[in-house]
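Undergrad: this one's structure only:
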């Protein structure tokens with residue numbers, strides 16, 4: 001499932017065929033934490049992202065930290081081949097465990 005978060009989510013914001021968020025400098029994604037720990041999910045997502053054909057930097061947890069039973073915020077900055085080239089992607093992970 002974490003592979004889909006990268007391939008069907010993050011990569012759509014940086015690949016020319018999809019161009020999600022075109023002409024915007026930021027956007028967001030929502031993920032649902034259902035049965036894994038935050039740390040394990042982040043590790044898997046970052047591992048899959050680092051293996052993507054495009055350069056995808058690791059996600060960074062906000063200074064508020066993990067919000068058990070709530071919404072955790074992560075971000076990362078992306079470079080893309082279409083406007084706006086410097087792009088910030090926010091991730092809101094909702095803990096529904």
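TA: Alright, I've got the coordinates. Being a predicted model, the structure only gives us computed values, none of them experimental. Numbers count the residues shown, from 1 in each chain.
Undergrad: which helix of the protein spans the most residues?
TA: Counting by DSSP state H, the longest helix found in the chain is helix 38-50.
Undergrad: Would you mind identifying the next helix or strand past that one?
TA: As assigned by DSSP states H and E, the chain's next helix or strand after helix 38-50 is strand 60-61.
Undergrad: Partner strands of that next one, with direction?
TA: strand 71-79 (antiparallel) (DSSP bridges).
Undergrad: just checking, what packs against the next helix or strand along the chain from the partner strand?
TA: Where DSSP H and E defines the elements, the next helix or strand beyond strand 71-79 is strand 86-95. With contacts defined as 3 or more CB pairs under 8 Å, 6 or more residues apart in numbering; DSSP states H and E, strand 86-95 has these neighbours: strand 26-33, helix 38-50, strand 71-79. From N, CA and C alone the C-beta is placed, and that goes for glycine too.
Undergrad: mind checking how far strand 86-95 is from the chain centre?
TA: The chain centroid and the centroid of strand 86-95 are separated by 5 Å, computed with CA atoms, centre = their mean, to the nearest Å.
Undergrad: Excluding its own residues, what touches that strand? List them.
TA: By CB atoms under 8 Å, 6 or more residues apart in numbering, the residues outside strand 86-95 that reach it are 10, 13-14, 21, 24-33, 38, 41, 59, 67-80.
Undergrad: Show me what counts as buried in that strand.
TA: 87, 89, 91, 93 (16 or more other CB atoms under 10 Å).
Undergrad: Switch these over to a markdown table; also include distance to residue 1 and pLDDT.
TA: Converted to a markdown table, the buried residues of strand 86-95 look like this (distance: CB to CB, whole Å; pLDDT from 0 to 100):
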| residue | distance to residue 1 | pLDDT |
| --- | --- | --- |
| 87 | 24 | 96 |
| 89 | 18 | 98 |
| 91 | 15 | 98 |
| 93 | 13 | 98 |
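Undergrad: Include distance to residue 45 when you put those residues into a markdown table, please.
TA: As requested, these are exported to a markdown table (distance: CB to CB, whole Å):
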| residue | distance to residue 45 |
| --- | --- |
| 87 | 17 |
| 89 | 12 |
| 91 | 9 |
| 93 | 10 |
